[in-house]
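In: fold the stuff below for me.
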Amino acid sequence: MKNLIALKVNRIFTFGCSFTDYAWGTWANILGYEFPDAKFYNFGKSGAGNHYIFNTLMQADSSYNFTHEDLVIVQWTNISREDRFLDAEPTADPSFTAGGQWITPGNIYSQGTYDESWVKKYFSEYGALLRDLAFIKSAYEMLRHKTQWHFIQMNDLVHYVDQWDTKISIDPKYAVEGIQVQRIEHLRAMYSETINQLLPSFYDTLFNNNWEQKFKADRKLVNKNFQDGHPHPLEHYDYLKRTFKHKWSKATNKKVGEIQQKWIKYMDGVSRTNKKFSLYQTEDRWRQMVRNELVIRPSNEIDFRIHR
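Out: Purely as a prediction, here's the structure:
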């Protein structure tokens, strides 16, 4: 385990996908609550890939200029994602970042933005690993002497590509397809220092890299219809406590416990009579209400110039 902080923290910056910012409080919001005197900026975005995560990290440093009195934690996600920044018509709204937005559809094998022919023609799992390890190394070189920082990961990103398939790693898959697995091993060796900076994943720490274990536990906790592929508030807190050395405050312990009970109540209420429950099919107004109730601590307002 690593010490969470070495110096007093004045600002907290968190980056990641929906494991960092979701319909309820995550590890990032818990950190914000644990350090109430620090400003808290959460750059997480649902569906985000490592391209988006790296880009927002660099934008944030350019805007806020990280120092040793900051805590920067980057939650890298699985490599099978394709982010794009798309232009939009100019707007008079100053909160809109220069007429454009990031498109972050999530896992390439279960999204609806790129069709099957595009994925088959243009997406390479090896190429995605090659791309993302370069992002992670660049982030490591930028942060290592500048601030207090940690790299966490949703899943074991250098071995598992498809976030919904925790049984088949990239190595035997490539061997079956007749592609030399040695080039993956060579790539990992080349980036070994960078890879060693990645702390154990959420999947491994919380679910033993087993989705069925996660879903079974959720159904027991909420009801037989409930299923969601994200940690609940208490699991986020458990991940922090099992990953970092830190004396967590009684206030945080109490707050997470209260939010967890509310989470169970809301999830049970919305899914009990719905055999095909999906959080994404609930009403926007309900999701916003739940988010407001379960956020733990919201992010401070982020510099409007940063493209998110």
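
In: the stretch 201-308 of the chain: strands as residue ranges?
Out: 244-245 (DSSP state E, counting those that start in this stretch).

In: OK, contacts around Pro105?
Out: 47, 81-82, 111-114 (Cβ atoms under 8 Å, 6 or more residues apart in numbering). In this view, the C-beta of every residue, glycine as well, is placed from N, C-alpha and C.

In: farthest pair within those?
Out: Arg81 and Gly112 (13.5 Å; Cβ to Cβ).

In: who has more neighbours out of those two?
Out: Arg81 (25 against 7; other Cβ atoms under 10 Å).

In: for the more buried one, name its beta-bridge partners.
Out: Following DSSP bridges, Arg81 is listed with bridge partners Asn107.

In: neighbour-wise, which one of the contacts of Pro105 leads?
Out: Arg81 (25 neighbours).

In: pretty sure that one is touching Ile53, no?
Out: No. Between Arg81 and Ile53 there is no contact under Cβ atoms under 8 Å: 9.6 Å.

In: give me the low-pLDDT residue ranges for the stretch 101-250 of the chain?
Out: Along the stretch 101-250 of the chain, the model assigns pLDDT under 70 to residues 167-168, 171-181.

In: just the buried positions in the longest helix seen in the chain, please.
Out: Ranked by residue count and defined by DSSP state H, the top helix of the chain is helix 250-271. Residues of helix 250-271 classed as buried: 252, 255-256, 259-260, 263-264, 266-267, 270-271 (neighbour count, 16 or more other Cβ atoms under 10 Å).

In: could you measure Ala38 against Ala128, distance?
Out: 34 Å (Cβ to Cβ, to the nearest Å).

In: ok, now Lys8?
Out: On the measure of Cβ to Cβ, Lys8 and Ala128 end up 38 Å apart.

In: and for Glu34?
Out: 34 Å.

In: higher neighbour count, the two?
Out: For Glu34 versus Ala128, neighbours defined as other Cβ under 10 Å are more numerous around Glu34 (25 against 22).

In: the more buried one against Ser249, yeah?
Out: Yes. Between Glu34 and Ser249 there is a contact under Cβ under 8 Å: 6.2 Å.

In: before we move on, the earlier item: any chance of the buried residues of helix 250-271 in CSV, with distance to Gln75 and pLDDT too?
Out: Below are the buried residues of helix 250-271 laid out as CSV (distance: Cβ to Cβ, whole Å; pLDDT from 0 to 100):
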residue, distance to Gln75, pLDDT
Thr252, 19, 98
Lys255, 21, 98
Val256, 18, 98
Ile259, 19, 98
Gln260, 20, 98
Trp263, 20, 97
Ile264, 24, 97
Tyr266, 24, 96
Met267, 23, 96
Val270, 26, 93
Ser271, 26, 94
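
In: on that earlier part again, how far off centre is the longest helix of the chain?
Out: 20 Å (Cα atoms, centre = their mean, to the nearest Å).

In: elements contacting it?
Out: helix 27-34, helix 233-243, helix 284-294 (3 or more Cβ pairs under 8 Å, 6 or more residues apart in numbering; DSSP states H and E).

In: let's have these in JSON lines, adding distance to Ala189.
Out: Shown next, in JSON lines, are these (distance: least, Cβ to Cβ, whole Å):
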{"stretch": "helix 27-34", "distance to Ala189": "31"}
{"stretch": "helix 233-243", "distance to Ala189": "25"}
{"stretch": "helix 284-294", "distance to Ala189": "43"}
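
In: helices of the protein, start to end?
Out: Under DSSP H, the chain gives helices at 27-34, 50-64, 116-122, 125-143, 170-176, 182-190, 192-195, 202-207, 211-221, 233-243, 250-271, 284-294.

In: helix 125-143 and the second one, what's the angle between them?
Out: Okay, so that is helix 50-64. Angle of helix 50-64 versus helix 125-143, following axes from the mean of the first three to the mean of the last three Cα atoms, to 10 degrees, is 20 degrees.

In: extract the CA atoms of helix 50-64 and return them as CSV.
Out: Extracted C-alpha coordinates of helix 50-64, given in CSV (Å, rounded to 0.1, in the frame of the first residue of the first chain):
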residue,chain,number,x,y,z
ASN,A,50,-7.6,7.1,-22.0
HIS,A,51,-7.3,9.6,-24.8
TYR,A,52,-9.8,11.8,-23.1
ILE,A,53,-8.4,11.2,-19.7
PHE,A,54,-4.8,12.1,-20.8
ASN,A,55,-6.0,15.2,-22.7
THR,A,56,-8.0,16.6,-19.7
LEU,A,57,-5.1,15.9,-17.4
MET,A,58,-2.8,18.0,-19.6
GLN,A,59,-5.4,20.8,-20.0
ALA,A,60,-5.9,20.9,-16.2
ASP,A,61,-2.1,21.2,-15.6
SER,A,62,-1.9,24.0,-18.2
SER,A,63,-4.8,25.8,-16.5
TYR,A,64,-4.1,25.2,-12.8
